[in-house]
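Student: only geometry, no sequence info:
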């Protein structure tokens, strides 16, 4: 089961041509309550990954007929939409140069055969966490892009009357500048009186009011 709550849960894909290894993987993943799709070779795995809503965490056997784990990893990394999945290579190759080759091909992690169940559990849990972080980041980026697309901006040349300061809109209608800006942006107005207008309009009114009293 995933270490954090997600809805729906992160799905796994397993590609393993050896029946015994596949049975062991199936039993362990089911015991840990992971949702996994089991495939028998790289061709089947690629068909799943090419379909709608592909799994986010993959366990790929290196040595498989048709399309091996290394080739499948390279193909996935070159494919738009699925290149960010988390890939664990399962291999009997334990030499350093083999491990480096797998990581250079795009694998995130590796497990050597015969695998230890606790190690498999720990590495899959890391993959699940990374996939969840990727999903959460994608959702936040999507929400941010949506918010930015809804932001209204004023751009270009605005015709404004030299006397009354009304603005001509796209319909060739003149309207008050505060109304125009309010309709074309998210700005709100708080009215006040500038010093020049105070001297010109307010101060004379105050003097007349004082004189009348």
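Tutor: In hand now; what should we look at? Not measured: the values here are computed from a predicted model.
Student: Leaving aside the residues adjacent along the chain, what's closest to residue 28?
Tutor: residue 117 (5.3 Å; Cβ to Cβ, 6 or more residues apart in numbering). Just so you know, the C-beta spots here come from the backbone N, C-alpha and C atoms, and that holds for glycine as well.
Student: phi, psi of the one you found?
Tutor: Torsion angles at residue 117 (phi, psi; degrees, to the nearest 10) stand at phi -50, psi -40.
Student: Any idea which helix or strand in the chain has the lowest mean pLDDT?
Tutor: helix 177-184 (a mean of 73; mean pLDDT, DSSP states H and E).
Student: what does stretch 66-76 contact?
Tutor: Residues external to stretch 66-76 that are found in contact with it (Cβ atoms under 8 Å, 6 or more residues apart in numbering): 15, 41-43, 45-46, 49, 58, 60-64, 82-83, 85, 87, 89-91, 101-102, 105-107.
Student: mean confidence score for the next helix or strand after the least confident helix or strand of the chain?
Tutor: Toward the C-terminus, helix 177-184 is succeeded by helix 195-197 as the next helix or strand (DSSP states H and E). Regarding helix 195-197, the rounded mean pLDDT is 79.
Student: quick revisit: wait, isn't the residue nearest to residue 28 in contact with residue 25?
Tutor: No: shown here, residue 117 and residue 25 do not form a contact pair, counting by Cβ atoms under 8 Å, at 9.8 Å.
Student: mind checking how far the residue nearest in space to the middle of the chain is from residue 111?
Tutor: The residue lying closest to the centre of the chain (Cα atoms, centre = their mean) is residue 138, at 1.0 Å. As judged by Cβ to Cβ, to the nearest Å, residue 138 and residue 111 stand 27 Å apart.
Student: With residue 67 instead?
Tutor: Taking Cβ to Cβ, one finds residue 67 at 19 Å from residue 111.
Student: thinking again about what came up before, buried subset of the contacts of stretch 66-76?
Tutor: Listed as buried from these are 15, 41-42, 45-46, 49, 58, 60-62, 64, 82, 85, 87, 89-91, 102, 105-107; burial here means 16 or more other Cβ atoms under 10 Å.
Student: show me where the protein has strands.
Tutor: 11-15, 35-39, 57-61, 86-91, 109-112, 167-168, 174-175 (DSSP state E).
Student: what's the angle between the longest one and strand 11-15?
Tutor: Right, strand 86-91. Interaxial angle of strand 86-91 relative to strand 11-15 (axes from the mean of the first three to the mean of the last three Cα atoms, to 10 degrees): 30 degrees.
Student: Make 51 the first number, not 1, from now on.
Tutor: Renumbered: residue one is now 51, and that last one reads strand 136-141.
Student: how big is the angle separating strand 136-141 from strand 107-111?
Tutor: Using the same axes, to 10 degrees: strand 136-141 against strand 107-111 is 20 degrees.
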